[in-house]
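Asker: here is a sequence together with a model predicted from it:
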Amino acid sequence: MPNNQHLARSSLTITLAVWKALFLREALSRIFSGRAAWFWLLAEPVIGIVFLIIIFTVIRMRVVGGMDIAIWLTLGMLGFFMFQRTAMQVMNAIGANRVLLAYRQVKLIDTLIARAVLEGFLMIFISYILLAGLSLFGYSVMPDDPLLMGGAFFGLWCTGIGFGLIASVVITLIPGLKKVVKFTLGPMKILSGVIFPISSMPPQIREWLMLNPVAHALEAIRLGFSPYYHAVPELSVIYIFICALVTVFFGLALHRRFALRLVAK
Amino acid sequence: MIIVNDVYKRYKTEREENDWVLQGVNLIIPSNVNVALIGKNGAGKSTLMSIIGGVDQPNKGYVERRCRVSWSMGFGGGLQGELTGRQNAKFVCRVHGHENDIQERLASIQEFSGIGEAFDRPVKSYSAGMKSRLQFGMSLAFDFDVYLSDEVTSTGDLSFRKKVADAFKKLADHSSLIMVSHDEATLKDFCTAGILMLDGKAHWFDKIDDALNAYKKGMSK
């Protein structure tokens, strides 16, 4: 009897089925909703990076810390997008998926997890395409230490999830703060050393800038790409993961604490 | 059987705490009777429905579902506007663990809803009636013991109502319906028993006519 079998679904089976359903649904609406949504998904980071490369070429900056400027910028932007896009997607998941809570199998946190996983996949895909594109222009795109580079990307993804989890609770409970969160992410790009090298800053300022886990991760990505890169001396990979762990834990705790208020209309 | 035990519920708004919507609702709803949920606007019908459906949580008390209960079908609830009817249906099939026979389920949903080619158009282009057709089609594709309908039938046309009524007659031996509606004829068509919501409490009536009479008496006061 298929019915009885269905009755006995365990919590884990239900959750896995929900994650799969949500993931496929998110992928569908992210990639195919709107005209050429899949194109803009890829074009947005590409245009951003190419634009910066052109500006830096015009001001005749060719090398940063022993690394070609195009590679330096691309790695920094990709890493930053990994953080920012994951954070934004997770942050906005509650508002976008509220209708789906009509099915009691779907919990709020499931929708956030599905979005985070999808964004991670998309960013890996986009990174491969961008690096493949650069190799067509004659750049060497094979990372020297793929483990360090991949680890730093993973750290950025986790930190993005943590940031998104916390921000999702904050903007749902206090809707006015959404704008504040959005414009903190703007300066974050500069402060994380995507456009200006942090290693060129004086140590007193550097000390403060390196409190930001994203800055650590971006430097780790570049160091993982080329061992000859002059990374910031304060660089610590462990610090990225400590920050990720703390923010994810805190975000989950907030979700648990305010579970009822987040769902309530 | 659904057991509602001493359920209290109130909604919080930004500044103040509102009055209690439900104040100690006690009910035992058997799963072989079609039940109408009646009461005036704001009496807590939809609140009770969403608590029974497991979507909203009571402030106090609990609900025990000793059978398989559908989600609460309300105004376009649970449908994502930018996705097509088919994509929405697929999502619901997956959530309910029907990955293997998804094609058959989709076929039955499309057939029951009878919206034809619109099944492959975005839900946001649907009329209210088409939405409720799709919602009923989706929930009838699964073998629930109790179906929750919150005013869904009221947007359907005659042929659709007949279709739904026939479907529930066919299911009568093992499934039932709990429905909210303000249309007396619909309620009498579908239901045999009634629950009257009054002052945050629920009153059970074995006969729908008694429930409607009590409701009218309360109105004329």
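Answerer: Structure received.

Asker: for B:Y147, phi and psi?
Answerer: In terms of degrees, to the nearest 10, the main-chain angles of B:Y147 are phi -110, psi 140.

Asker: isn't it right up against B:H174?
Answerer: No: checked against CB atoms under 8 Å, the pair B:Y147 and B:H174 is beyond contact range at 11.7 Å. C-beta: built from backbone N, CA, C; applies to glycine.

Asker: the two - which one has more neighbours?
Answerer: Ranked by neighbour count (other CB atoms under 10 Å in any protein chain shown), B:Y147 and B:H174 place B:Y147 first, with 25 against 12.

Asker: quick one: is stretch B:85-100 near chain A?
Answerer: Yes: against chain A, stretch B:85-100 shows contacts by CB under 8 Å from any CB of the partner chain at B:Q87, B:K90, B:F91, B:V92, B:R94, B:V95, B:H96, B:G97, B:E99.

Asker: any of those residues buried? List them.
Answerer: Among the residues of stretch B:85-100 next to chain A, those buried by neighbour count (16 or more other CB atoms under 10 Å in any protein chain shown) are B:Q87, B:K90, B:F91, B:V92, B:R94, B:V95, B:H96, B:G97.

Asker: quick check, nearest of those residues to chain A?
Answerer: Of all those, B:R94 has the smallest distance to chain A: 3.4 Å, by CB to the nearest CB.

Asker: so is that closest one in a helix, a strand, or just coil?
Answerer: On the three-state scheme (DSSP: H, G, I helix; E, B strand; the rest coil), B:R94 is labelled helix.

Asker: show me what from chain B comes close to chain A.
Answerer: Contacts of chain B with chain A, taken as CB under 8 Å from any CB, map to B:11-12, B:53-57, B:68, B:71-72, B:74, B:77-80, B:82-83, B:87, B:90-92, B:94-97, B:99, B:143.

Asker: ok, then the element right after the helix or strand hosting A:L185?
Answerer: Taking DSSP states H and E as the definition, A:L185 sits inside helix A:178-191. Past helix A:178-191, further along toward the C-terminus, the next helix or strand under DSSP H and E is helix A:203-209.

Asker: buried stuff in that following helix?
Answerer: For helix A:203-209, the buried set under the neighbour-count rule, 16+ other CB under 10 Å, comprises A:R206, A:L209.

Asker: what's it in contact with?
Answerer: If you take CB atoms under 8 Å, 6 or more residues apart in numbering or on different chains as the criterion, helix A:203-209 is touched by A:L191, A:G193, A:I198, A:S199, A:M201, A:A215, A:V232, A:E234.

Asker: quick check, nearest of those residues to chain B?
Answerer: Nearest to chain B, judged by CB to the nearest CB, of the contacts of helix A:203-209 is A:L191 at 34.1 Å.

Asker: so where's chain B shaky on pLDDT?
Answerer: Within chain B, the segments meeting pLDDT under 70 span B:13-18, B:75-76, B:221.
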